[in-house]
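> Fold the following for me, if possible:
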Amino acid sequence: GAAVDAAREADVVVAVLGDRAGLFGRGTSGEGCDAESLALPGAQQQLLDALLDSGTPVVTVLLAGRPYALGSAVARSAAIVQSFFPGEEGTAAIAAVLSGRTSPSGRLPVSVPSGAGAQPATYLGARLAHASEVSSIDPTPAFGFGHGLTYTAFTWSDLVVHTEEAPTDGEFALELTVRNTGERHGTEVVQLYLHDPVASVVQPVQRLVGYTRVPLAPGEARRVRVEVPADLASFTGRDGRRVVEPGDLELRFAASSTEPRLTATVALTGPERRVDHTRRLHAVFTQEAQKAQETVEGA
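As a prediction, this is how the structure comes out:
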């Protein structure tokens, strides 16, 4: 009642919700404080829904130990700030983000579920862990692993695949351009996911195999290059040994696990190779500044 009345009189509502930290049942999140549901604890969802119904823009801020389902607030909030448990300097950091003094650049380390009945899940699921015709439940998250927004926008373009085929002991080389097309300085996070369509052992649909942060001023662009060792496609085979198998792969440059931007199809060739202690399991990113776009005026 009072909160809704105040909301109707306000220009904007900052609704700060989440958990009470504690141990062994003394809080809603912490060691020994498990949850039967991923709905916001207590009456917080009802409060949030009432504030959204007020018609005043609502910025939902979460200080929580786990990713809660937010119901209609996913689509109806003017913005959502997820800070988890940010520590003693957390409120100052949140204030900096809300005021615009800081452009946020964090990315979700977990998925935010669509429904309160979701089980703890990872983006690393095999195909049957995703939405399919064999289940009546759609586990697609509201916000996927790796998702995050800031106060500017970016375009990704000009993907070049320098190495489309590589032996099972080789590597791939690719590059793309990332440009800040907005009016604020910001940092984009280029994430690289690997999809193996066919393998002798069931694989996750995709795996994050590398990422790089790209800070850009308004209008600035950088050329981002990555070298991807074939060892990153390795997995534990049926005999318990780690192997790299020949075959096609997809390398997906993405803003999150649910937002692929540019995809390259590459192929590993040659014999299956057993991977030993000399394996290379890190993609190597490099960046270089790119000249500003030239405008060509018509005659």
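
> what's the neighbour count on the closest residue to residue 141 other than its chain neighbours?
Nearest non-adjacent residue to residue 141, counting by Cβ to Cβ, 6 or more residues apart in numbering: residue 111, 3.8 Å away. Using the backbone N, CA and C atoms, a C-beta is placed for each residue, glycine as well. Residue 111 is flanked by 24 other residues according to other Cβ atoms under 10 Å.

> Renumber starting at 481 from here on
New numbering, starting at 481: the last item is residue 591.

> From what I see, residue 591 and residue 619 are in contact.
No: taking contacts as Cβ atoms under 8 Å, residue 591 lies outside contact range of residue 619: 9.2 Å.

> one step back: residue 615 versus the residue nearest to residue 621, what's the distance?
17 Å (Cβ to Cβ, to the nearest Å).

> returning to that earlier point: check contacts around the residue nearest to residue 621.
Residue 591 sits next to 547, 601-603, 621, 623-625, 737 when contact means Cβ atoms under 8 Å, 6 or more residues apart in numbering.

> buried set for stretch 592-609?
Across stretch 592-609, burial judged by 16 or more other Cβ atoms under 10 Å covers 592-596, 598, 603.

> Please apply the same query to stretch 724-743.
Of the residues in stretch 724-743, 724-725, 727, 729, 731-738, 740-742 count as buried by neighbour count, 16+ other Cβ under 10 Å.

> from those residues, which two are the most distant?
725 and 735 (29.0 Å; Cβ to Cβ).

> how far out from the middle of the chain is stretch 568-587?
With Cα atoms, centre = their mean, to the nearest Å as the basis, stretch 568-587 stands 18 Å off its chain's centre.

> Show me where the chain has its helices.
Here the chain has its helices, by DSSP state H, at 482-489, 524-533, 553-556, 570-579.

> wait, residue 520 sits on residue 500?
No: using Cβ under 8 Å, residue 520 is not in contact with residue 500; the gap is 11.8 Å.

> Looking at these two, which has the bigger crowd around it?
Neighbours per residue, other Cβ under 10 Å: of residue 520 and residue 500, the larger number sits with residue 520, 23 against 15.

> Could you measure from the more buried one over to residue 580?
From residue 520 to residue 580 the distance is 27 Å (Cβ to Cβ).

> Show me where the stretch 581-730 of the chain dips below the pLDDT cut-off.
600 (pLDDT under 70).

> Quick one: the strands in it, in order.
Using DSSP state E, counting those that start in this stretch, the strands of the stretch 581-730 of the chain run over 634-641, 645-647, 651-660, 666-675, 687-696, 701-709, 715-716, 722-724, 727-734.
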